[in-house]
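> no sequence for this one, just the structure:
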């Protein structure tokens, strides 16, 4: 187990869904900007039916996403680790291109939806917040949405609100949670910073392999960031 924030994101999403009874046969899940992450294959191995999505290859920054294997161009890319039986994977997982800034109608509804550190790359913080809210149209009653994103671990005032990577502050996440609450959704926020030795290490460019849980965004940046998880539960309608 690597002490890397990307591993934490995968474990966080999977654990949140497992605890809420989402990872079992018959459940339907929708993933956004899945890249080559292992979650689609893992969820399929549990018996879930998955629609995995990513940005059309023609619209992708090749140097940033394709060359670093953070973009999926085909269904086969999602099971390269062999996590799910190949035949079962083909039966349970479909892949399509989707732009998180322009969510289409007609996808249907799902028991759960997820994204792993992608909504902060939509250009502005406002677009990231818009995605969180609009993606809930795909969620069934009693469903669960789990998103991880970049969190400003140093400031609750200075931050990056636009650009290739934006950093959500505590105040931003609390504002989003309040708005979701007004719409009837239950939101789980946990701002615990951690007090183990690895939680106190801030990785700096050129980044080491581990621990890589907190980091400076760039060599000239004043911002320290880490990953943050947001769990949203839709009302059951009972």
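Cool, the structure landed. Small disclaimer: the values here were computed from a predicted structure and weren't measured.
> In the protein, which strand is the longest?
When the chain is scanned for its longest strand (criterion: DSSP state E), the result is strand 139-152.
> helices or strands up against that one?
helix 5-19, strand 110-116, helix 125-134, helix 170-182, strand 224-233 (3 or more Cβ pairs under 8 Å, 6 or more residues apart in numbering; DSSP states H and E). C-betas here are computed from N, CA, C, even on glycine.
> of all the ones you listed, which lies closest to residue 103?
Closest to residue 103 of those, according to Cβ to Cβ: helix 125-134, at 5.2 Å.
> which residues of this protein score low on pLDDT?
1, 58-73, 209, 238 (pLDDT under 70).
> could you redo the last one with a cut-off of 50?
Across the chain, the ranges flagged by pLDDT under 50 are 62-71.
> Quick check, central residue of this protein?
With distances taken as Cα atoms, centre = their mean, the residue of the chain nearest its centroid is residue 116 (2.0 Å).
> Any chance of a markdown table for the helices and strands packed on strand 139-152, columns distance to residue 149?
Shown next, in a markdown table, are the helices and strands packed on strand 139-152 (distance: least, Cβ to Cβ, whole Å):
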| stretch | distance to residue 149 |
| --- | --- |
| helix 5-19 | 9 |
| strand 110-116 | 8 |
| helix 125-134 | 7 |
| helix 170-182 | 8 |
| strand 224-233 | 6 |
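> Pick the most deeply packed of the ones you listed.
Comparing the helices and strands packed on strand 139-152 by mean neighbour count (mean count of other Cβ atoms under 10 Å), strand 110-116 ranks first with a mean of 26.
> wouldn't residue 199 be in contact with residue 192 here?
No. Counting by Cβ atoms under 8 Å, residue 199 stays clear of residue 192, with 9.6 Å between them.
> For those two, indicate the residue with more neighbours.
Neighbour count, other Cβ atoms under 10 Å: between residue 199 and residue 192, residue 199 has more, with 15 against 6.
> Does residue 158 touch residue 222 like I think?
Yes. Taking contacts as Cβ under 8 Å, residue 158 lies within contact range of residue 222: 7.3 Å.
> that older thread, run through the bridge partners of the residue nearest to the centre of the chain.
Beta-bridge pairing for residue 116 (DSSP bridges): residue 148.
> No more questions from me, cheers.
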